[in-house]
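Student: output the structure for:
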Amino acid sequence: MKGKKITGLVAACATAAMLLSGCSFDSGMQSIVSFVMKGENTGNGESVVSSSSESGIPVNTKKFDSSLQEPTFTQDLSGTINVTTGTKVTLQVIAGVGDGGTVGYQWYSNNVESNAGGTLIEGATGSSYTPDTSKKGKTFYYVVAVNDHGNAINESTSQCEGVAAWENMYWQQDADNGGYQYLNHDDGTYPSNSTMEIDGVTYTFDENGYAVDPSTGSMIDVTTGQPVASDSSASSSASGSSASSSSGDQAAADQSAADQAADQNAGDQAAADQAADQGTGDQAAADQGTQGQ
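Tutor: I've put the predicted structure just below:
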């Protein structure tokens, strides 16, 4: 019995050391999801492990078998979910095996973006997990899936997914490009390269934190949902205005020329009329002279 206690203590210390060092579970003692610990030697050279009831796997003595099929994640974790503090969000994975085994899960939290070296979340043994978002901050989560098959088990680890809880947020429009950022009152930070549900509407943010149309990447006006008036459109508008102005100036110039030509024609016609009147006067004078003779 004393030997059993020492073995268990050594295994626990080794597991703790791996967690502190950030080593992968697969590369160290392969202590299955840390709630499964290396057991004693059975006497026939086999190394066995004992699983915990919290894992969803029946309490039993299991042999870690690397040749056993690892669970395959058909729905994995990725990216970052941004929420306002207190908003409920559920993380979901789906893992399966094709060898007739049973899949169990164990969730972990981490303060860095890594799927190793995290903290086991007691009782989080389902395919989904709802993290606490009551306090602002960002936490990463991942899950270890275990294939329980007969007297053997094997594992695989999901990717990480971050959950960022924000508070004291407000929309601000950039004076230069018209884009909208969702800023934190305290430090001016903002969500980027992610999505976030705000007042029942899901927004997509680009790398600079501007709300964009996810299909086109164009910045949107969050008050209307329409594209913002960007610098390029303003330039285009100015160019169009200039073109319109030029067209107006040309039209005015053409009209002035036409008016001038009309005035000239009128002047020429007046001169012709005056000449005709003069000719008529001369003819009348000539007729008068003939009559006098």
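
Student: what's in contact with the helix or strand in which residue 183 is found?
Tutor: Element membership for residue 183, per DSSP states H and E: strand 180-184. Residues outside strand 180-184 that contact it (C-beta atoms under 8 Å, 6 or more residues apart in numbering): 166-174, 189-191, 196, 198, 203, 205, 208-211, 219-222, 228. Heads up, the C-betas are built off the backbone N, CA and C, glycines and all.

Student: which parts of that strand are buried?
Tutor: 180, 181, 182, 183 (16 or more other C-beta atoms under 10 Å).

Student: gap between the last one and residue 227?
Tutor: Looking back up the chat, that one is residue 183. 21 Å (C-beta to C-beta, to the nearest Å).

Student: equivalent analysis for the second one, please.
Tutor: The spacing between residue 181 and residue 227, counted by C-beta to C-beta, is 16 Å.

Student: just the strands in the stretch 1-150 of the chain please.
Tutor: Remark: strands assigned in the stretch 1-150 of the chain by DSSP state E, counting those that start in this stretch are 37-41, 47-50, 61-64, 72-75, 80-84, 91-92, 94-96, 102-110, 119-120, 128-129, 137-149.

Student: and those strands as a markdown table, adding distance to residue 159, mean neighbour count and mean pLDDT?
Tutor: Shown next, in a markdown table, are those (distance: least, C-beta to C-beta, whole Å; neighbours: other C-beta atoms under 10 Å; pLDDT from 0 to 100):
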| stretch | distance to residue 159 | mean neighbour count | mean pLDDT |
| --- | --- | --- | --- |
| strand 37-41 | 25 | 17 | 31 |
| strand 47-50 | 25 | 16 | 36 |
| strand 61-64 | 23 | 18 | 84 |
| strand 72-75 | 8 | 13 | 98 |
| strand 80-84 | 12 | 20 | 94 |
| strand 91-92 | 11 | 16 | 98 |
| strand 94-96 | 12 | 17 | 97 |
| strand 102-110 | 12 | 22 | 97 |
| strand 119-120 | 17 | 14 | 98 |
| strand 128-129 | 14 | 18 | 98 |
| strand 137-149 | 7 | 23 | 96 |
